[in-house]
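> can't give you the sequence, but here's the structure:
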């Protein structure tokens, strides 16, 4: 039985990965989830999985906590999702992003290296570290072209700079110590359990409440959208079949302008309300007010990248991965999930889940 340490496993992508792995491998693996439980890390995301995993509340920057995990457990794989991840928050508080995303990653690398290394440049069989990164490390594209794994790193925000720095530290361990690791760089994820400050869940929430829908600049900034379950599948493949030291880009081939996303969500929510009137019970506005007039263009974000677009040829050709979920299908599934899980949205938005799940955790 292999043991996985999933850091940041109570966050959006991390919790979806935990669910994916448990569903695929069932009882043939052991999952240890470590999460600091900041505002975006919620045990409620793992409510149905808590009896199937070992949960540790901890910070990847804390050497003693990470050392204790490796001393107690025979860790075979580390998947590092733990990160401060919101660009706007990084603009307000860059130092926090540097501490967690850079020093925390280095702490994981160093402690795992010491526990896995059996000789100079020789490690235990089948151990692997996967650094989950972002396409934002590449910077911004104009109207044409795609990010490949050979695209120079040119981050333009404190967040992307901290992730790029972490990637470079992982790469340094690979080159210097022959450390067994890979880096994945994904496009924008969407799907269940996404924290409501992010674009798609924020727009869904505001539409239901009849509130204005803030769109940066003129709304023409482009993102490549990837359904979170497809991303989880990619990480699993890289973890078990990726070539040592290789970087893999993971993209959805679903480029959309931000303003398109907002209009699509408005249309989908309204369609659900008409086709399934039972959903109207969660509306906090009049159905007739769900329209494009809710859109409000606001001052553009500082250093706002114009376009992201990933070329995932390497992971497709080497590992046989492909994005199974078309955006037209995935966005409908995502909106429906949020409509069906308003209790989750309300508890996360209010912070109520914190007190309840902290008490539950302490009692375990």
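Received, thanks. Keep in mind the model is a prediction, meaning the values are calculated, not measured. Numbering: from 1, shown residues only.
> all strands for this protein, in order.
2-7, 29-35, 54-57, 77-80, 117-119, 122-123, 128-134, 181-186, 188-190, 213-216, 222-227, 247-250, 255-257, 295-298 (DSSP state E).
> off-centre distance for the lengthiest helix in the chain?
Across the chain, the longest stretch assigned as helix under DSSP state H is helix 158-177. Chain-centre distance of helix 158-177: 18 Å, with C-alpha atoms, centre = their mean, to the nearest Å.
> buried ones in that helix?
158-167, 169-171, 173-174, 177 (16 or more other C-beta atoms under 10 Å). C-beta here means a position set from N, CA and C on the backbone, and glycine is covered the same way.
> same thing with stretch 42-51?
Under 16+ other C-beta under 10 Å, the buried positions of stretch 42-51 are 42-46, 49-50.
> what's the lowest-pLDDT member of those?
Across the buried residues of stretch 42-51, the smallest pLDDT goes to residue 42, namely 84.
> now the buried residues of stretch 42-51 as JSON lines including distance to residue 69?
Below are the buried residues of stretch 42-51 laid out as JSON lines (distance: C-beta to C-beta, whole Å):
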{"residue": "42", "distance to residue 69": "21"}
{"residue": "43", "distance to residue 69": "18"}
{"residue": "44", "distance to residue 69": "23"}
{"residue": "45", "distance to residue 69": "20"}
{"residue": "46", "distance to residue 69": "17"}
{"residue": "49", "distance to residue 69": "18"}
{"residue": "50", "distance to residue 69": "18"}
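> from these, which land in helices?
Judged by DSSP H, helices contain none of the buried residues of stretch 42-51.
> can you tell me which of the residues you listed lies closest to residue 211?
Using C-beta to C-beta, residue 42 is the member of the buried residues of stretch 42-51 that sits closest to residue 211, with 22.7 Å.
> right, and that closest one touches residue 196 too?
No - look at residue 42 against residue 196 with C-beta atoms under 8 Å: they stay out of range, at 11.2 Å.
> shared neighbours, those two?
Shared contacts of residue 42 and residue 196 (C-beta atoms under 8 Å, 6 or more residues apart in numbering): residue 348.
> give me the below-cutoff pLDDT ranges for this protein.
350-364 (pLDDT under 70).
> distance of residue 124 from residue 320?
Applying C-beta to C-beta, to the nearest Å, the value for residue 124 to residue 320 is 27 Å.
> which of these two has more residues huddled nearby?
Of the pair residue 124 and residue 320, residue 124 is the one with more neighbours under other C-beta atoms under 10 Å, namely 13 against 9.
> helices of the protein, start to end?
With helices called from DSSP H, the chain shows them at 12-25, 63-72, 87-92, 94-97, 105-116, 158-177, 199-209, 228-241, 258-275, 313-319, 327-340, 342-350, 352-362.
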